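K.L.:
No sequence on hand, only this structure:
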């Protein structure tokens, strides 16, 4: 195997193991636990001050405004 393909394949293996290693039943329990621990580690690297964007915030406000406004009389 050429050396230039080794590092991307290793990174792909690490990413797949981190994401899906605990769902593979044929792996021993300590290995599956390692997958969960590595996932928690990578999630823990995300800064606490960075909050996920609430994409429905504007829509929720509009729904609340519609619910509060009186219905038009016909």
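P.N.:
Looks like it came in fine. Since we're looking at a predicted model, the values are computed, not measured.

K.L.:
and residue 25, which of the three is it?
P.N.:
Counting by DSSP: H, G, I helix; E, B strand; the rest coil, the backbone at residue 25 sits in coil.

K.L.:
Count residues in the vicinity of residue 35, would you?
P.N.:
19 (other Cβ atoms under 10 Å). Just so you know, the C-beta spots here come from the backbone N, C-alpha and C atoms, and that holds for glycine as well.

K.L.:
tell me the pLDDT at it?
P.N.:
We have a pLDDT of 90 for residue 35.

K.L.:
does it really touch residue 16, like I thought?
P.N.:
No. Residue 35 sits out of contact with residue 16 when judged by Cβ atoms under 8 Å, with a separation of 9.8 Å.

K.L.:
So the spatially most central residue of the chain: helix, strand or coil?
P.N.:
Most central in the chain under Cα atoms, centre = their mean is residue 43, positioned 8.2 Å from the mean C-alpha point. Following three-state DSSP, residue 43 is assigned to helix.

K.L.:
For residue 65, see how far away it is.
P.N.:
36 Å (Cβ to Cβ, to the nearest Å).

K.L.:
Same question for residue 57.
P.N.:
Where residue 65 is concerned, residue 57 sits at a distance of 13 Å (Cβ to Cβ).

K.L.:
cool, and residue 16?
P.N.:
Residue 16 is 45 Å from residue 65, by Cβ to Cβ.

K.L.:
count of residues packed around residue 14?
P.N.:
Neighbour tally, residue 14, other Cβ under 10 Å: 13.

K.L.:
where does it land in three-state SS?
P.N.:
On the three-state scheme (three-state DSSP), residue 14 is labelled helix.

K.L.:
now swap in the one 3 residues further on and tell me
P.N.:
Assigned state for residue 17: helix (three-state reduction, three-state DSSP).
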